[in-house]
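Chemist: next come a sequence and a model predicted from it.
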Amino acid sequence: MAVLFFAQAVLGSQLQITIVLSGLAGAMLADTPLLATLPISLVMFTAVFGAPLASIFMGKFGRRVGFLVGACGGCVGGVLATIALLLSSFELLLLSAIFTGVYYSFHGFYRFAAADTASDAFRPKAISWVLAGGLVGAIIGSEVVQNFSDLFAPTPFAGAYAVIVLLNIIGAIGVLFLDIPLPSLDDKDVKGGRPLGVIVRQPETMIAILCGMISYGVMALVMTSTSLAMVKHEFTSGQAADVVRWHAFFMFGPSFVTGTIIGRFGTLRVMGLGLLMLGISCFIGLSGVELGQFYGALIFLGFGWNFSFIGATTLLSGTYRANERAKVQGLNDFLVLGTVSMASFLSGVLLNFYGWPMVQVAVMPALAIAAISLAWLAIFRRGRVVMTSV
């Protein structure tokens, strides 16, 4: 748990830096504003197809080797992004995004690694405590953006990307101490496993994946365009970084207690509360474009993501066996990151053509679908309990 927390904190800071700077760097180098969010979209697009492969790879070679491969990808991505900014090359920035996508393909599995050896009772806490490392990562990432972006002045942002290289080296050293054994090949259960279609048709699996997709997609759609929207409304990049920092604080900060709350009130209730807070975030975003409204919208966005996404991960982790986890986790992150990839690109398009309010309106139908699906699962579970008791 300590190693996973450390890795989530140090290696996770790269994601914070990428989220804050990719849109700004893309806007600076791209020929048209419509392509400003293409680098972050390419990160997610690469991760979409990389996640299933990463899951299968770790199923064969273990978590430690997989996370080291991810750190190598992040390191190369940082080097290429630094050079891209120094040379004013948008194409090289896009290439760096592909390697950063490789990093992110593996990074998303820290939460599942926490659940691999946890008991059913401890699993929600294990997942949430590892994700709490993201709070430290958010702080590190924000400080890097604010203090190292002008390291190679007059070229903006290059210094922050250069620090990413160092962070990946430090994080990789920590990962070397990770020890999560593979399932024993002597265990006859490892040779079995239900077909993926059978697992996915379970109501809990379907709703867990759907809510994970929607909660992460909504968060990505709004967050990706936040920095651009704030600069467009004459706020500074430093103010935008601070808003994203507080957003990240509420994404990961509650994780210290989210697992306990899930254990006390149940997974579905916590997921429902998370979806409600995501809805509140949208209404705050629609209320105006003052600095306080950006802060409020992004804080509720982070809090809502924390409850809904950790809840969805916890729900999913109870639907498969040890020998089935690689394929189920891979499918889940393929769908989740696919949604995030489309949302991040759509975010820039909506902002440029229709403005910040439309970004908020666009997520409301998805939130309604998630809420209805969650309510259906609660009713289904209640009916199943009644039938069992009869």
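Modeler: Received the coordinates, thanks.
Chemist: buried residues in stretch 166-173?
Modeler: For stretch 166-173, a neighbour-count test (16 or more other CB atoms under 10 Å) marks 167-168, 171-172 as buried. Using the backbone N, CA and C atoms, a C-beta is placed for each residue, glycine as well.
Chemist: now do the strands in the stretch 201-350 of the chain.
Modeler: Counting by DSSP state E, counting those that start in this stretch, the stretch 201-350 of the chain has no strands at all.
Chemist: alpha carbons only: can I get stretch 19-29 in PDB?
Modeler: Only the C-alpha atoms of stretch 19-29 are listed here, as PDB (Å, rounded to 0.1, in the frame of the first residue of the first chain):
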ATOM      1  CA  ILE A  19      -3.900  18.400 -17.800                       C
ATOM      2  CA  VAL A  20      -3.000  22.000 -17.000                       C
ATOM      3  CA  LEU A  21      -0.500  22.600 -19.700                       C
ATOM      4  CA  SER A  22      -1.500  20.400 -22.700                       C
ATOM      5  CA  GLY A  23      -4.300  22.700 -23.800                       C
ATOM      6  CA  LEU A  24      -2.200  25.800 -23.400                       C
ATOM      7  CA  ALA A  25       0.800  24.300 -25.200                       C
ATOM      8  CA  GLY A  26      -1.400  23.000 -27.900                       C
ATOM      9  CA  ALA A  27      -3.000  26.400 -28.400                       C
ATOM     10  CA  MET A  28       0.500  28.000 -28.600                       C
ATOM     11  CA  LEU A  29       1.800  25.600 -31.200                       C
END
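Chemist: coming back round to it: okay if I get the buried residues of stretch 166-173 as JSON lines plus secondary structure, pLDDT and distance to A312?
Modeler: JSON lines is the format used below for these (DSSP: H, G, I helix; E, B strand; the rest coil; pLDDT from 0 to 100; distance: CB to CB, whole Å):
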{"residue": "L167", "secondary structure": "helix", "pLDDT": "96", "distance to A312": "28"}
{"residue": "N168", "secondary structure": "helix", "pLDDT": "96", "distance to A312": "28"}
{"residue": "G171", "secondary structure": "helix", "pLDDT": "95", "distance to A312": "26"}
{"residue": "A172", "secondary structure": "helix", "pLDDT": "95", "distance to A312": "29"}
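Chemist: which one of those is nearest G263?
Modeler: G263 has its nearest neighbour among those in G171, at 29.7 Å by CB to CB.
Chemist: would you agree the closest one is in contact with A71?
Modeler: Yes - with contact defined as CB atoms under 8 Å, G171 and A71 form a contacting pair (5.5 Å).
Chemist: so who does M58 touch?
Modeler: 65-66, 106, 109, 326 (CB atoms under 8 Å, 6 or more residues apart in numbering).
Chemist: got the contact list for M358?
Modeler: By CB under 8 Å, 6+ apart, the contact set of M358 is 350-351.
Chemist: just the buried residues out of the contacts of M58, in PyMOL syntax.
Modeler: If you want just the buried ones from the contacts of M58 in PyMOL, going by 16+ other CB under 10 Å, the selection is:
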select buried, resi 66+106+109+326
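Chemist: I'd like the contacts of M58 as CSV, with secondary structure and pLDDT appended.
Modeler: Below are those laid out as CSV (DSSP: H, G, I helix; E, B strand; the rest coil; pLDDT from 0 to 100):
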residue, secondary structure, pLDDT
V65, helix, 94
G66, helix, 95
F106, helix, 94
F109, coil, 90
A326, helix, 87
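Chemist: closest to I262 out of the contacts of M58?
Modeler: Sorting the contacts of M58 by distance to I262 puts F109 at the head of the list, at 20.1 Å, by CB to CB.
Chemist: out of the contacts of M58, which comes closest to F45?
Modeler: Here the nearest of those to F45, counting by CB to CB, is F106; it sits at 15.8 Å.
Chemist: from what I see, that closest one and C72 are in contact.
Modeler: No - F106 is beyond contact range of C72, at 9.6 Å (criterion: CB under 8 Å).
Chemist: rewinding a little: want to throw the contacts of M58 into TSV with distance to Y354?
Modeler: Listed next are the contacts of M58 as TSV, based on distance: CB to CB, whole Å:
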residue	distance to Y354
V65	45
G66	40
F106	35
F109	35
A326	41
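Chemist: ok, of the contacts of M58, which one's closest to L86?
Modeler: Taking CB to CB as the measure, L86 sits nearest to F106 out of the contacts of M58, at 27.4 Å.
Chemist: I'd like to know how far the closest residue to the closest one other than its chain neighbours sits from F256.
Modeler: Nearest residue to F106 in three dimensions, chain neighbours excluded: G70, at 2.9 Å (CB to CB, 6 or more residues apart in numbering). Relative to F256, G70 is positioned 25 Å away (CB to CB, to the nearest Å).
Chemist: need the residues touching each of G171 and A71.
Modeler: L11.
Chemist: return the distance of the longest helix along the chain from the chain's centre.
Modeler: Assignment by DSSP state H gives helix 356-389 as the longest helix of the chain. In terms of CA atoms, centre = their mean, to the nearest Å, the centre of helix 356-389 is set 21 Å apart from its chain centre.
Chemist: pLDDT (mean, whole number) over stretch 208-223?
Modeler: Regarding stretch 208-223, the rounded mean pLDDT is 94.
Chemist: check the offset of that stretch from the chain's centre.
Modeler: Counting by CA atoms, centre = their mean, stretch 208-223 comes out at 9 Å from the chain centroid.
Chemist: measure L301 to G285 for me?
Modeler: For L301, the distance to G285 (CB to CB) stands at 8 Å.
Chemist: next, give phi and psi for the nearest residue to V289 once chain neighbours are set aside.
Modeler: Excluding the flanking residues, the one nearest V289 by CB to CB, 6+ apart is H233, at 4.9 Å. Dihedral pair for H233: phi -100, psi 30, per degrees, to the nearest 10.
Chemist: hang on, isn't H233 packed against Q293?
Modeler: No - H233 lies out of contact with Q293 (CB under 8 Å); the separation is 10.3 Å.
Chemist: can you count the residues close to the residue nearest to F106?
Modeler: When neighbours are counted by other CB atoms under 10 Å, G70 registers 28.
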